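> Provided below for reference: sequence and predicted model.
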Amino acid sequence: AVIQEAYVHGVSTRSVDDLVKAMGAGGMSKSQMSRLCAEIDERVNAFLARPLEGSWPYLWLDATYLKVREGGRIVSRAVIIAVAVNDDGKREVLGVATGPSEAETFWTDFLQSLADRGLRGVKLVIADGHKGLRAAARRVFNATRQRCRIHWMCNALAHAPTKQRMAVAAMLKTIFAQEAKADAETQWDAVADALREKQPKLGALMDCFPRRRARLHVLPARTLGADRIREPARAR
């Protein structure tokens, strides 16, 4: 179990072998490593196939890209993740999948697999602005969609000079710090007005988005799992 946990948390194959030797064993053979990986795969597959019970009104979707070895070549693969909160306020990772890209068909198949496992009651889907993702979420769940605020912040800051991005980010964060809807909308207007003169592109961007985007204070999926996927992969 200790060896499996070390491997899952990103310890390289060579380091796992060194760990086994340090524990007094003779190292890890290829067959032993294959058996260890097969046991991990079995547990992961069981987790990803488990039935989803109850209602899950809030669904976060995100993706990242990893370099993987495939057919003797190193290629880039999309890793997508779904995290949701149920009616009791419990947050869980519902599913993870890998594919060649974030194509609409890939997202649709992934979301449909969640629905087939019992995902229901989705009222709000929070994600980035990827067109394929939006179309798939609309087709499978027909729920209200909201742009992930962190993705929006990253896009917005791209319109600000590099040296001023920290200051601009601090201003934008004051919008999402408001607890009441009316206060958030008022702060949105105040920040847009303050930026419009010195940051016309950013001010214009804020004018293009409805103030209702500031209503909900939500955590994006990337803080719930997508970024964590990268670390073990990098270690190997």
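Ah, there it is.

> Look up how far G118 lies from the closest residue to T174 other than its chain neighbours.
The spatial neighbour of T174 that comes closest, neighbours along the chain excluded (CB to CB, 6 or more residues apart in numbering), is Q187 at 5.8 Å. For the C-beta atoms, the positions are set from N, CA and C on the backbone; glycine is no exception. Between Q187 and G118 the distance, using CB to CB, to the nearest Å, works out to 39 Å.

> Comparing the two, which shows the higher neighbour count?
Neighbours were counted for Q187 and for G118 using other CB atoms under 10 Å; Q187 has more, 19 against 13.

> The more buried one belongs to a helix, doesn't it?
Yes - with DSSP: H, G, I helix; E, B strand; the rest coil as the criterion, Q187 is located in a helix.

> Spatially nearest residue to S76, not counting backbone neighbours?
Beyond its immediate neighbours in the sequence, the residue positioned closest to S76 (CB to CB, 6+ apart) is Y65, lying 5.2 Å away.

> List the buried residues in the helix or strand where the one you found lies.
In this assignment (DSSP states H and E), Y65 forms part of strand 58-70. By 16 or more other CB atoms under 10 Å, the buried positions in strand 58-70 come out as Y58, L59, W60, L61, D62, A63, T64.

> Can you list the strands that that strand pairs with?
In the sheet containing strand 58-70, the strands it pairs with under DSSP bridges are strand 73-85 (antiparallel), strand 124-127 (parallel).

> still on that earlier bit, tell me the pLDDT at the residue nearest to S76?
We note a pLDDT of 89 for Y65 in this prediction.

> all helices for this structure, in order.
Residue ranges of the helices in the chain, as given by DSSP state H, are 2-8, 13-22, 30-48, 104-116, 131-140, 149-157, 165-176, 181-198, 200-208, 226-235.

> What angle do helix 104-116 and the third one make with each other?
Same thing as helix 30-48. Taking axes from the mean of the first three to the mean of the last three CA atoms, to 10 degrees, one finds that helix 30-48 is oriented at 70 degrees with respect to helix 104-116.
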